[in-house]
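>>> how does the following fold in three dimensions:
(one chain, ligands or ions: 1)
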Amino acid sequence: MDALPPDLADCANEPIRVPGGIQPHGRMLVLAADDGHLVALSENWPEPPPLAAWSTWLPERLAALQPGEAPAPLGTVTLEDGRRHDLTGHRLAELVVLEFEPAIGALGLQAPVYALARRFLPRMQEAATVTELLAQATAELKRLTGFGRCLAYRFDDEGHGEVLAEALDPGYDSYLAHRFPAADIPAQARALYLLNQIRLIPDATYTPVPLRCVDPAWHPRRIDLSWAALRSVSPLHLEYMRNMGTLASMSVSIVVRGRLWGLISLHDHAPRQAPFETRVACEHLGRLVSLQIEAREDNAEVATRLELRQLTLEIVSHLAESDASLRQLAQDPVLLRLAHASGAAVVLDNECWTLGECPAPECIHELTKRMANHGRELFHSDRLAEVLPDLAATPGCGDAAAGMPPLPAAGVLAISISQVHRHWILWFRPEVVQTVQWAGNPRKAMPASDGRLHPRRSFESWREQLRGRSLPWSPSERAAVLELRQALIGIVLRRAEELAEFAT
Ligand code: BLA
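Take a look at the predicted model:
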């Protein structure tokens, strides 16, 4: 992500793990892990909490909690208001956090997870693509929870979220294929969502209930609520939700290979609850989807690598059949297929051979000189004019005055095959103009009469054209050309040895 303007950096400083308060639909007690004394309580307990009344069974259940584990169900208790409450608890290094939420509905305890296993698992396996899988997941989550809208989105390399699937009730706006700017979810929130993979906000108009410490050694802002379901969320985010007309939300993280791949987000126009068992089922669904995506991406990656390795071997064998001069490469169309490129060039010092659609040789030479300064064996960019803005001034590289695009190629992938000489192989891709459909103009100044930044107010579709970019070079394409590089270096060395032998 780019460096953030100062206001957005403020968002990244919101102390979301230690908000010092909870959402008001439940109550919290915080105990010391060693001797069980009361450390803090939410200020919505009408009287001293009845800890003594639970002393016959609670300590034993608390002893089973392990630090770093998600909240576990500990049973139900009836509080002084006569209502049954679900009790969950989790352990931190020094504390135990107990959360009480009014028990709702008459769900059989395992019902949602059971339904998930019976209905969703078989469908998930039938889905042909990741998008289809996400469509299944949004429909299932919406059904399980009764929320009005469910969106699944994936984050791109810059952290923007793109909605890939959705399920909607009538009356809800569609955000399918829309993009949400990275700044909507600051970095510390993304880090938290990797750890705690589900969040529920039943009512975005709530007033937080502060935590009060009865143990003077503690302060509410030191109590880590990262794992707490009742954690009070950032007021900036609540404002965002209200601007969007979303009064209740629940999100589940999609985590693939340890990275936040995306989110599945449920919205409702009205406040809405989801009981513990339903949340557990939703979290399971998120994990199943994450594992499926990981497996599918791994399979696709293995298949592509195999195919590209085959092409590398083909190129190398063509070369070996000839006199193994690198210039031969520029006659081998397989070279283009290796990187799905529209042009390729071989540069050996001051000479240049090309294949397909390439910039003029002067431009290619200039490019290799610039890349040499980067000192890397592999260079790649899908936005050449942005990375090397003055390149366009080189003869053959572009003619902005004549209204031509600044460079005849928008993307370049290149390998250097000698440390001593300017020996390069380059691949080129043309510009692909992308239309991005944002949910609200991400660059529009936000109303700031109080001098602070606020989440934007408009979520109207706003189209932007991205120019000067090619399709990006994928990790498997980059790996393939590096493999080719290794093979070529081997051949070049062997040739040099043979020549040396011949000379003696
Ligand atoms: C958090 N912002 C979030 C979250 C989402 C969004 C999903 C996580 C909430 C959760 O998982 O429960 C944004 N909401 C969206 C998006 C969609 C949606 C993209 O429904 C798409 C459909 N947000 C801003 C600005 C700031 C900001 C300008 O727009 C700061 C000034 C802050 N967003 C912000 C903060 C959080 C957040 C601080 C963390 C909330 C928390 O967990 O406490």
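>>> how about the nearest residue to the closest residue to the ligand within the stretch 1-150 of the chain, chain neighbours excluded?
Using CB to the nearest ligand atom, the closest approach of the stretch 1-150 of the chain to the ligand is made by Cys11 at 2.8 Å. Where C-beta positions appear, they are placed from N, C-alpha and C, glycine not excepted. Spatially, and ignoring its direct neighbours in sequence, Cys11 is nearest to Pro186 (4.3 Å; CB to CB, 6 or more residues apart in numbering).
>>> pLDDT below threshold where in the stretch 401-504 of the chain?
Applying pLDDT under 70 to the stretch 401-504 of the chain picks out residues 401-408, 441-458, 502-504.
>>> ok, now which ones touch Gly21?
42, 208-211, 220, 232 (CB atoms under 8 Å, 6 or more residues apart in numbering).
>>> 10 Å - rerun?
Gly21 is in contact with 28, 42-43, 207-212, 220-221, 223, 225, 230-232, counting by CB atoms under 10 Å, 6 or more residues apart in numbering.
>>> which among these gets closest to Leu95?
Ile223 (6.8 Å; CB to CB).
>>> and the pLDDT for that closest one?
Predicted confidence (pLDDT) for Ile223: 98.
>>> sorry, back to before: of the contacts of Gly21, buried ones?
28, 42-43, 208-209, 211, 220, 223, 225, 230-232 (16 or more other CB atoms under 10 Å).
>>> about what we covered before: element containing the residue of the stretch 1-150 of the chain closest to the ligand?
For Cys11, the host element (DSSP states H and E) is helix 6-12.
>>> Val30 now?
Going by DSSP H and E, Val30 is part of strand 27-32.
>>> re earlier: which pair of the contacts of Gly21 spans the longest distance?
Thr207 and Ile223 (19.2 Å).
>>> in the stretch 151-300 of the chain, which spans are helices?
187-195, 235-243, 276-321 (DSSP state H, counting those that start in this stretch).
>>> rebuild these as JSON lines, extending it with mean neighbour count and distance to Asp169.
Formatted as JSON lines, these follow (neighbours: other CB atoms under 10 Å; distance: least, CB to CB, whole Å):
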{"stretch": "helix 187-195", "mean neighbour count": "16", "distance to Asp169": "25"}
{"stretch": "helix 235-243", "mean neighbour count": "17", "distance to Asp169": "18"}
{"stretch": "helix 276-321", "mean neighbour count": "17", "distance to Asp169": "18"}
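>>> what would those helices look like in CSV with mean pLDDT?
Shown next, in CSV, are these (pLDDT from 0 to 100):
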stretch, mean pLDDT
helix 187-195, 95
helix 235-243, 91
helix 276-321, 91
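>>> just put the ones you listed in a markdown table and tack on distance to the ligand.
Putting the helices of the stretch 151-300 of the chain into a markdown table (distance: least, CB to the nearest ligand atom, whole Å) gives the following:
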| stretch | distance to the ligand |
| --- | --- |
| helix 187-195 | 4 |
| helix 235-243 | 4 |
| helix 276-321 | 11 |
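>>> would you turn the ones you listed into JSON lines with distance to Leu168?
Below are the helices of the stretch 151-300 of the chain laid out as JSON lines (distance: least, CB to CB, whole Å):
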{"stretch": "helix 187-195", "distance to Leu168": "23"}
{"stretch": "helix 235-243", "distance to Leu168": "17"}
{"stretch": "helix 276-321", "distance to Leu168": "18"}
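>>> sorry, back to before: and the strand holding Val30, what does it pack onto?
With contacts taken as 3 or more CB pairs under 10 Å, 6 or more residues apart in numbering; DSSP states H and E, strand 27-32 sits against strand 38-42, helix 58-63, strand 84-91, strand 95-102, strand 209-213.
>>> adding distance to Gly375 and mean pLDDT, write those out as TSV.
Converted to TSV, those look like this (distance: least, CB to CB, whole Å; pLDDT from 0 to 100):
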stretch	distance to Gly375	mean pLDDT
strand 38-42	55	97
helix 58-63	57	93
strand 84-91	49	95
strand 95-102	50	97
strand 209-213	53	98
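>>> now tabulate the ones you listed in CSV and tack on distance to the ligand.
Below are the helices and strands packed on strand 27-32 laid out as CSV (distance: least, CB to the nearest ligand atom, whole Å):
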stretch, distance to the ligand
strand 38-42, 17
helix 58-63, 27
strand 84-91, 17
strand 95-102, 16
strand 209-213, 15
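>>> could those go into TSV alongside distance to Trp353?
Listed next are the helices and strands packed on strand 27-32 as TSV, based on distance: least, CB to CB, whole Å:
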stretch	distance to Trp353
strand 38-42	73
helix 58-63	74
strand 84-91	64
strand 95-102	67
strand 209-213	71
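>>> so which of the ones you listed comes closest to Ala127?
strand 84-91 (32.3 Å).
>>> can you list the residues of the protein near the ligand?
11, 14, 16, 151, 161, 175, 180, 183-186, 189, 193, 199, 201, 233-234, 236-237, 240, 249, 251, 263, 265, 453, 455 (CB under 6 Å from any ligand atom).
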